[in-house]
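# with the sequence up front, the predicted model follows.
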Amino acid sequence: MTAAQAARQILKTLQTTGNPDRAAQALMFFKDNEKVQFYGLSAPEVRRIEREFFAMVKDAWSLEDALALCEALLPKPQLEAKHISLEVLARFKRQFTPALLATFRSWLADNHCSNWATTDTLCSLALAPLVQKHPELIAELNRWTREKNLWVRRAAAVPLVSSARRGKHLDEAYEIAEALFEYPEDLIHKATGWLLRDAGKTDPARLEAFLLLHGPRIPRTALRYAIEKFTPEKRKLLLQQTKAA
C-alpha cells in the first residue's frame with residue numbers, strides 16, 4: 001500500500017465513522033484564527049483507526065512511507081487526519097535523523113499544523129524525541145523563537161517540556177521561555193508558562209528565582225501557568241512580587 005493509497009483509505013474511514021454533532025462541539029476548544037475542522041471522532045476512536053491501519057503496513061513501511069503519509073494528510077483541514085499521520089510517524093522515531101528538523105519546521109511554517117492541538121502533537125510525538133536524541137538541535141529551536149509564524153514559535157517551547165519535567169536541558173528551557181516573553185499571542189503565553197511550570201518541577205527554587213528576576217516582563221497568563229505547582233500562598237505572593245511598579 002502506497003502512502004497515497006493509505007491516505008485515501010484513512011480519509012474514507014474517518015468520514016464514515018465521524019459524528020457531525022461531536023465535530024461541531026470540538027470547535028469550541030479552538031480560536032477563530034486556528035484553521036481546523038473535524039470529522040467528529042473521539043480520541044480513542046482515532047487511536048483505534050491508527051492502530052488498525054499500522055497493523056496492515058508495519059512489515060512493509062519505512063520512515064519514508066510515514067513521511068509521505070504526513071505530506072498527504074497534514075494539509076487536510078480535519079484534525080483527526082493530521083493526528084493519525086503523526087501517530088504513524090512516531091512509530092519510526094528510532095530512525096529519526098537531524099535532517100528531519102527542517103521538514104518539521106516546514107510543516108509548521110506552511111500552516112499544516114495551524115492549531116494548538118496539531119502543533120503540540122507534532123512537538124510531543126516527533127520534535128521531542130528528535131531533540132532528545134540529538135540535543136544539539138535545541139539551538140535551532142532557540143532560533144525558532146524569532147520566527148514570524150506563530151506555530152513555529154510555539155514549537156520552540158513545547159518539545160522541551162518533557163525534558164524539563166525530568167530536570168534536563170533546563171538552561172535551554174529558561175532561555176527559550178525568556179525569548180518568548182515579548183510576543184502578544186495567548187497561545188505563546190500558555191506554551192511559555194507550560195514550559196516554565198514543568199522546568200520548576202525538579203527545581204522549584206530556580207523557577208521562583210527566574211520569575212522574580214524577570215517579574216513584569218513575564219506575560220501574566222504565562223506567569224499563572226508557571227506557578228500552578230506552588231502552594232496557594234506562594235502563588236499569591238509571586239503574583240504580587242512580579243507586578244509592574
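Cool, got the structure.
# got a list of what the residue nearest in space to the middle of the chain touches?
By C-alpha atoms, centre = their mean, the chain has its centre lying nearest to residue 120, at 1.6 Å. Taking C-beta atoms under 8 Å, 6 or more residues apart in numbering, we find residue 120 in contact with 154, 158. C-beta: built from backbone N, CA, C; applies to glycine.
# any idea how far it is from residue 126?
Relative to residue 126, residue 120 is positioned 11 Å away (criterion: C-beta to C-beta, to the nearest Å).
# again with residue 215
Look at residue 215 and residue 126: by C-beta to C-beta, they are 35 Å apart.
# which of the two has more residues huddled nearby?
A direct count of neighbours by other C-beta atoms under 10 Å for residue 215 and residue 126 places residue 126 higher, at 24 against 14.
# just checking, the more buried one touches residue 104?
Yes. Applying C-beta atoms under 8 Å as the test, residue 126 and residue 104 come out as touching, 5.9 Å apart.
# low-scoring stretches of the chain, by residue?
245 (pLDDT under 70).
# switch the cut-off to 90
Within the chain, the stretches with pLDDT under 90 are 1, 23-36, 243-245.
# what about the strands in it?
Using DSSP state E, no strands are found in the chain.
# how far away is residue 120 from residue 188?
Residue 120 is 13 Å from residue 188, by C-beta to C-beta.
# ugh, typo on my part, it should be residue 58
Taking C-beta to C-beta, one finds residue 58 at 37 Å from residue 188.
# next: residue 129.
From residue 129 across to residue 188, the span is 23 Å (C-beta to C-beta).
# who has more neighbours out of those two?
Neighbours per residue (other C-beta under 10 Å) separate residue 129 from residue 188, with residue 188 holding more: 22 against 16.
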